[in-house]
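Student: Sharing a model that was predicted from the sequence below.
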Amino acid sequence: MCAQSAEIHEGGCFCGAIRYRTVGKPDRVSLCSCEWCTKRTGSAFGISVYFREDQVTFSGDDWTTFRLTSDAGRWLETRFCGNCGSTVGWTLEFLPGHCGIAGGAFDNPKFWHTPERYGFARSKPDWLEIPDGLHVFQGMPGSPNE
């Protein structure tokens, strides 16, 4: 019997100084219009692909980190390339043991990861239609008001 190979995806920053590899399927794929996601992407929402920390390997040494407090009052630590400034990954207080990866930083431009939830829908632009089938949260998923 042949062993099935694990799903592997790679990506990195724009200049290539920081690279990563993920092995297996993500635990969660989210779209979000919180202030942090919109500022880090310069867009109406961010795409976050979450893997267990042991599923992600990074290479490169030009990391810069920045820790901030989110709209929900919890810390986030973002990792980005010190050369080109591309956000590549982050860790979140509310999701211990996981690493978030910027959905647009994967090498495969076809967006193989399918979103299942939308956070901070209350902050999305009026023109943005949320696709059917997503779990929609007006604020932070899992917060007392959700």
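Tutor: Good, I have the coordinates. Since the model is a prediction, treat every value here as computed from it, not as a measurement. Residues are numbered from 1 along each chain as shown.
Student: hey, which helix or strand in this protein has the poorest pLDDT?
Tutor: One helix or strand of the chain scores below all others by mean pLDDT, DSSP states H and E: helix 35-41, with a mean of 90.
Student: Convert the C-alpha atoms of that one to CSV, please.
Tutor: Extracted C-alpha coordinates of helix 35-41, given in CSV (Å, rounded to 0.1, in the frame of the first residue of the first chain):
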residue,chain,number,x,y,z
GLU,A,35,-8.7,47.4,11.4
TRP,A,36,-5.6,45.2,11.7
CYS,A,37,-6.5,43.1,8.6
THR,A,38,-7.4,46.1,6.5
LYS,A,39,-4.3,48.0,7.4
ARG,A,40,-1.9,45.1,7.0
THR,A,41,-3.3,44.3,3.5
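Student: Tell me which residues are up against that helix.
Tutor: Helix 35-41 is contacted by residues 44-46, 48, 68, 70-71, 76, 78, 87, 102, 104, 120, 123 when judged by Cβ atoms under 8 Å, 6 or more residues apart in numbering. The way it works is simple: take the backbone N, C-alpha and C, and place the C-beta from them, glycine included.
Student: Please apply the same query to stretch 21-29.
Tutor: Residues from elsewhere that reach stretch 21-29 (Cβ under 8 Å, 6+ apart): 6-10, 47-52, 55-57, 95, 98, 101, 103, 113-117.
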